[in-house]
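[1] Sharing a model that was predicted from the sequence below.
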Amino acid sequence: MTRVAVIGGGRIGEALIAGLLESGRATKDLVVVETHPDRAELIGDRFGVRVTDSIADAIIGADVLVIAVKPGDVDTVLTQLGKAELDSDRDQVLVSLAAGVPTARLENKLPAGFPVVRVMPNTPMLVGQGMSVLAPGRYARPEQLAQVTELLAAVGKVATVTEAQMDAVTAVSGSGPAYFFLVVEAMIDAGVGLGLSRDIATQLVVQTMVGSAALLEESGQSAVELRAAVTSPAGTTAAAVRELERSGVRSAFLEALHAAKHRSAEQGGASDGHGGGSAV
């Protein structure tokens, strides 16, 4: 069984640990690095896995090394990994969940030829519904990519793209939950403005979103087809959609995603040594 060392016991690290255990991984095959005592105790008690504050200790016997820390802490982790004795007898691979950190930067901090897989996760991973997008580095082999894909499938869906597409991925799925929550927030506020209580408006909007997503996934129809099916000629939905189109909702999303992609590219350049990185 693959042994996994998760470096970082924050929300994303915890979500990954929970998903791996739920998918059948044994606690003995997981180790977590967490330097904050209270957080370390919580992780250990909640999941029954070994928790240590030493990266050098955690990577002993590990096949997959997962960096699950904030982008600003990646350099510290890489420095410690560089000082640690990576196991040359094991087929180890480094998996980075840190936003905006290119694979080249990770590879440059590790021994020559060390395989790296960069991942852009998103926050629905916390409820097992994440969208994780992988970009293999120069030295990651197909079987290692398959290994990482299997691990991340425990917390949602997985796709693979090239490194050059990761800024676009960040704009679409990495930042995507924020756009969704903004639309939900706006619809709830509009419902309250129409005279509904906030509790009722919230229930209506949230379940409509959940049900619509399930319908889109399970029906086999496109979003265009499903929207058209709801939009009767000269009906209430048609009136609402006309107002959204008049307000430029499509162009607003287009410009928003372009801005997010541009900012992701800026952060990637900063991560290569031209400034400070930051989270999504």
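    Yep, that arrived.

[2] Could you list the low-pLDDT ranges of the stretch 51-200 of the chain?
    Counting by pLDDT under 70, the stretch 51-200 of the chain contains low-confidence residues at 87-89.

[3] and Val161, backbone torsions?
    The phi/psi pair for Val161 (degrees, to the nearest 10) reads phi -130, psi 180.

[4] Nearest residue to Met209 in space, please, no chain neighbours.
    If the residues on either side of it in the chain are set aside, Met209 comes closest to Val184, at 6.2 Å by C-beta to C-beta, 6 or more residues apart in numbering. In short, each C-beta sits where N, CA and C put it, glycine included.

[5] now stretch 92-105: how far from the chain's centre is it?
    Chain-centre distance of stretch 92-105: 13 Å, with C-alpha atoms, centre = their mean, to the nearest Å.

[6] OK, contacts around Val169?
    Counting by C-beta atoms under 8 Å, 6 or more residues apart in numbering, Val169 touches Met120, Val133, Val161.

[7] Could you identify the buried members of those residues?
    Buried subset of these (neighbour count, 16 or more other C-beta atoms under 10 Å): Met120, Val133.

[8] could you dump the contacts of Val169 to TSV with distance to Leu226?
    Shown next, in TSV, are these (distance: C-beta to C-beta, whole Å):
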residue	distance to Leu226
Met120	27
Val133	24
Val161	26
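
[9] thinking again about what came up before, correct me, but the residue nearest to Met209 touches Gln207?
    No: using C-beta atoms under 8 Å, Val184 makes no contact with Gln207, being 11.1 Å away.

[10] Would you mind telling me which of those two has the busier surroundings?
    Counted by other C-beta atoms under 10 Å, Val184 and Gln207 do not tie: Val184 has more neighbours, with 15 against 10.

[11] List the contacts of whichever strand or helix holds that one.
    Here Val184, judged by DSSP states H and E, is contained in helix 176-193. Outside of helix 176-193, the residues within contact range by C-beta under 8 Å, 6+ apart are 122-124, 131, 198, 200-202, 204-206, 209, 253, 256.

[12] can you pick the most crowded of these?
    Asn122 leads these on contacts (other C-beta under 10 Å) with 24 neighbours.

[13] the strands in the chain, which residues?
    Remark: strands assigned in the chain by DSSP state E are 4-7, 30-33, 50-52, 64-67, 93-96, 116-120, 130-136, 156-160.

[14] Same list (those strands) but as a markdown table, adding distance to Ser264.
    Shown next, in a markdown table, are the strands of the chain (distance: least, C-beta to C-beta, whole Å):
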| stretch | distance to Ser264 |
| --- | --- |
| strand 4-7 | 23 |
| strand 30-33 | 27 |
| strand 50-52 | 32 |
| strand 64-67 | 18 |
| strand 93-96 | 15 |
| strand 116-120 | 9 |
| strand 130-136 | 12 |
| strand 156-160 | 17 |
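
[15] right, and the ones you listed - which one's nearest Leu215?
    Ranking these by proximity to Leu215 (C-beta to C-beta) places strand 156-160 first, at 16.9 Å.

[16] Go ahead and name everything in contact with the closest one.
    Here strand 156-160 makes contact (C-beta under 8 Å, 6+ apart) with 19, 124-125, 128-136, 145, 149, 152.

[17] please redo it, this time with the cut-off set to 10 Å
    Strand 156-160 is contacted from outside by 15, 19, 117, 119-122, 124-136, 145-146, 148-152, 169, 173, 217, using C-beta atoms under 10 Å, 6 or more residues apart in numbering.

[18] Within the sheet, what are the partner strands of that strand, with directions?
    Each strand paired with strand 156-160, and its direction, by DSSP bridges: strand 130-136 (parallel).

[19] list the buried ones in the strand it pairs with?
    By 16+ other C-beta under 10 Å, the buried positions in strand 130-136 come out as Gly130, Met131, Ser132, Val133, Leu134, Ala135, Pro136.

[20] tilt between it and strand 116-120?
    Orientation check (axes from the mean of the first three to the mean of the last three C-alpha atoms, to 10 degrees): strand 130-136 against strand 116-120 gives 150 degrees.

[21] what angle separates strand 130-136 from helix 176-193?
    Using the same axes, to 10 degrees: strand 130-136 against helix 176-193 is 160 degrees.

[22] Tell me how far strand 130-136 lies from the chain's centre.
    7 Å.

[23] How about stretch 157-165?
    With C-alpha atoms, centre = their mean as the basis, stretch 157-165 stands 12 Å off its chain's centre.

[24] Please point out which parts of it sit buried.
    For stretch 157-165, burial by neighbour count (16+ other C-beta under 10 Å) applies to Val158.

[25] Perfect, I'm done here.
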